[in-house]
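Trainee: No sequence on hand, only this structure:
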């Protein structure tokens, strides 16, 4: 099996699992959706072990840039979103603090924790990758 | 301000060795899209890949990849 066939199979399996999950959710059968996802993951892991996946350096560069761009957009958006939802509700001046928009305060808390989680993961991975690629070492 | 860009003559060497982009990609272990991107100077390969290409064509890296100084007005 070559890379092209593997990619086709991956799309087919993803669509199939998605379809099963959608049907299972409609029928309130969460166990079926869970089983479908696990089966799909195991199947793809078995297929992947039989395929020589070519690691392409241009693709890695594209993935790195895409990840950096995603972080650069997502983290500030989440942070500003949390700020806008929490600060007015905390001061009691906002419509968020009462009435039908009360849930926005909880959403703001979730956003705030997600922002912290995202920044923490970035900082930890940056620290270890920086060390791995020679940063922070002592001079010899 | 001067900006050092890197140009390459990969297309020429590939034609000299009568290789298709697909064949070259298989020989150096990358995808065909990467070969296309290198040939059109949209992607600068890593040092390892540059050496691999040079070894394949039995030339030096600088025979394929040459620096081209461009003047940036900014």
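Mentor: Perfect, I can see it now. Remember, it's a predicted structure, so these values are computed and weren't measured experimentally.

Trainee: For burial, what's the neighbour tally of residue A:114?
Mentor: 16 (other C-beta atoms under 10 Å in any protein chain shown). Glycine gets a C-beta too; all of them are placed from N, C-alpha and C.

Trainee: Can you name the residues that contact it?
Mentor: A:78, A:82 (C-beta atoms under 8 Å, 6 or more residues apart in numbering or on different chains).

Trainee: Now it: phi and psi?
Mentor: phi -60, psi -40 (degrees, to the nearest 10).

Trainee: What is the burial count for residue A:56?
Mentor: Neighbours of residue A:56 (other C-beta under 10 Å): 19.

Trainee: Which residue, other than its chain neighbours, is closest to the residue of chain A found nearest chain B?
Mentor: Of all residues in chain A, residue A:58 sits closest to chain B, at 4.2 Å by C-beta to the nearest C-beta. Closest residue in space to residue A:58, ignoring its immediate chain neighbours: residue B:34 at 4.2 Å, by C-beta to C-beta, 6 or more residues apart in numbering or on different chains.

Trainee: Could you do residue B:21 as well?
Mentor: residue B:35 (4.6 Å).

Trainee: Relative to the whole chain's centre, how far out is the helix or strand hosting the one you found?
Mentor: In this assignment (DSSP states H and E), residue B:35 forms part of helix B:32-39. Centroid separation between helix B:32-39 and its chain, computed with C-alpha atoms, centre = their mean, to the nearest Å, is 8 Å.

Trainee: So which elements touch that helix?
Mentor: In terms of contacts (3 or more C-beta pairs under 8 Å, 6 or more residues apart in numbering or on different chains; DSSP states H and E), helix B:32-39 is packed against helix A:57-91, helix B:10-16, helix B:21-28.

Trainee: and of the ones you listed, who's closest to residue B:65?
Mentor: Closest approach to residue B:65 among these is made by helix B:10-16 (8.4 Å; C-beta to C-beta).

Trainee: residue ranges of the helices in chain A, please?
Mentor: A:3-26, A:30-49, A:57-91, A:103-132 (DSSP state H).

Trainee: which of the residues in the third one are buried?
Mentor: Read it as helix A:57-91. By 16 or more other C-beta atoms under 10 Å in any protein chain shown, the buried positions in helix A:57-91 come out as A:57, A:58, A:61, A:78, A:79, A:81, A:82, A:85, A:86, A:88, A:89.
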